[in-house]
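need coordinates for the below:
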Amino acid sequence: MTGQMYLSAAVTEVFAAVLVLGLWFFTDLSTPQALALGLPLVAGFSYLVLPYSMGVWVAVEFLSDRVGERADRRA
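Take a look at the predicted model:
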């Protein structure tokens, strides 16, 4: 299930990058204020995204599993 960790990390990093750029260009916050606002948002986002990335990764593994291999595992 390491794929779900990579998926979650990639989505969270994109969110963090968009958030940092948004805070930098569209607000007049100082660096400590931006960190105080951004860090909890990124942490909360990663906490909320993790279960969805686990579900997506399980679906990817299920769909990419070969039918014959599934039958062999049941026997």
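
need the helices for the protein, in chain order.
2-26, 31-64, 67-74 (DSSP state H).

I'd like those helices as a markdown table, with mean neighbour count and mean pLDDT appended.
C-betas here are computed from N, CA, C, even on glycine. As requested, the helices of the chain are exported to a markdown table (neighbours: other C-beta atoms under 10 Å; pLDDT from 0 to 100):
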| stretch | mean neighbour count | mean pLDDT |
| --- | --- | --- |
| helix 2-26 | 13 | 94 |
| helix 31-64 | 13 | 93 |
| helix 67-74 | 8 | 62 |
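
now V42. Nearest residue, chain neighbours left out?
Closest residue in space to V42, ignoring its immediate chain neighbours: A16 at 4.7 Å, by C-beta to C-beta, 6 or more residues apart in numbering.

please apply the same query to L29.
In space, L29 is closest to L23, 6.1 Å off (C-beta to C-beta, 6+ apart).

distance between stretch 7-18 and the chain's centre?
Remark: stretch 7-18 is offset 6 Å from the chain centroid, using C-alpha atoms, centre = their mean, to the nearest Å.

who touches that stretch?
With contacts defined as C-beta atoms under 8 Å, 6 or more residues apart in numbering, stretch 7-18 is touched by G38, V42, F45, S46, V49, L50, S53, M54, V56, W57.

for Q4, see how far away P51 is.
Separation of P51 from Q4 (C-beta to C-beta, to the nearest Å): 9 Å.

great, nothing more from me.
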